[in-house]
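Peer 1: Coordinates for the following, if possible.
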Amino acid sequence: MSALVEGTAAGRRVRWTPGRLAMLGCALLLALLWLLPLAWALATSFKPESETTETGLQWIGSYLTLDAYRAVWESGDLTRWMFNTAYIASMTTLLTVALTAMAAYGFSRTEFRGRRVLYGLVLAGIMVPPQVLIAPLFAEMVSLGLVDTYWGVILPQVAAPAMVFILVKFFEGVPRELEEAAYVDGAGRWRVFWTIVLPLSRPVLAAVAIFTFIQTWNNFLWPFLVTTDPNAMTLPVGLVNVQSTYGVRYAQVMASVIIGGLPLLVVFAFFQRQIVRGVAHTGLAGQ
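Peer 2: Presented below is the predicted three-dimensional model:
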């Protein structure tokens, strides 16, 4: 009987009410507003450079060319910059997920003196603009000799108070009975954390990892300040340096945008389901 009901519900046609049609129209409009700049950048990157400054709306040039991509690729070490960006983003994501998960579990499950004060300081870090910390962080990296190194770019980005807050709220919703049953069976806190809490937290951990990776990949300001050696630059910094060296060439600028954003589109294509689930579990829709 239940299978029949499920089959009937699955085969039922969706009723297009006015409210549902309005929501669909808004979603299509937002998708169009997001796709138009991307489509314009893609079309401009295939134009001859001499036609990018012509007046009037012309999506397609007189002919399609890959000169802009060739110029960007030949004028900079894109292979090295992509490797640097992938390595930095991967290490930052790994360390951020590990450290924020342990910190959030400690705040949500343990009682110690000064816990509220320390947690309040962590939350206060959310309200501090990152630009305020640039000068002291740069001075610290100089004193530690980490300028023009991977760790000089990675370490300041590992501190993520917002991710600690998100994980604390998620861990507070995990049933304590599961952990108490494990304690009765003789498991310690560390084993409970690794074998019970983390497996139950896969959706939120995946969301934290994905958003951290995307944010680190797109980060420009801090890598720009802490790296001067071309061999240590990330992809956004390297592309901007190439553009500033050869002046404003719009076809090359758009080609650089496409090259820099293409890996993130691939990440989104492979992890689309995890991103949607992560937004639903953590409320990151406004990020």
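Peer 1: State the phi and psi torsions of residue 148.
Peer 2: phi 60, psi 30 (degrees, to the nearest 10).
Peer 1: shaky segments in the chain?
Peer 2: 1-14, 53-57, 243-248, 274-275, 277-287 (pLDDT under 70).
Peer 1: quick one: the strands in it?
Peer 2: In chain order, the chain shows no strands, with DSSP state E as the criterion.
Peer 1: what residue lies at the spatial centre of it?
Peer 2: residue 214 (2.2 Å; C-alpha atoms, centre = their mean).
Peer 1: how many neighbours does the nearest residue to residue 75 once chain neighbours are set aside have?
Peer 2: Nearest non-adjacent residue to residue 75, counting by C-beta to C-beta, 6 or more residues apart in numbering: residue 242, 5.0 Å away. Every C-beta, even on glycine, is put in place using the N, C-alpha and C of the backbone. If you count neighbours by other C-beta atoms under 10 Å, residue 242 ends up with 23.
Peer 1: Residue 242 touches residue 74, doesn't it?
Peer 2: No: counting by C-beta atoms under 8 Å, residue 74 is not a contact partner of residue 242; they are 9.8 Å apart.
Peer 1: returning to that earlier point: report the separation between the residue nearest to the centre of the chain and residue 33.
Peer 2: 20 Å (C-beta to C-beta, to the nearest Å).
Peer 1: Next: residue 44.
Peer 2: 18 Å.
Peer 1: More neighbours: which of these two?
Peer 2: Set side by side, residue 44 and residue 33 show more neighbours around residue 44, with 23 against 9, by other C-beta under 10 Å.
Peer 1: Nearest spatial neighbour of the more buried one, chain-adjacent residues omitted?
Peer 2: That would be residue 254: by C-beta to C-beta, 6+ apart, it lies 4.3 Å from residue 44.
Peer 1: How many neighbouring residues does the one you found have?
Peer 2: Residue 254: 22 neighbours (other C-beta under 10 Å).
Peer 1: Likewise for the one 5 residues further on?
Peer 2: Other residues lying near residue 259 total 20 when counted by other C-beta under 10 Å.
Peer 1: Wait, it touches residue 71, no?
Peer 2: No: using C-beta under 8 Å, residue 259 is not in contact with residue 71, being 11.6 Å away.
Peer 1: so what's residue 227 up against?
Peer 2: Counting by C-beta atoms under 8 Å, 6 or more residues apart in numbering, residue 227 touches 147-148, 152-153, 233-234, 237.
Peer 1: so how far is residue 41 from it?
Peer 2: In terms of C-beta to C-beta, residue 227 sits 26 Å off from residue 41.
Peer 1: cool, residue 108 as well?
Peer 2: 43 Å.
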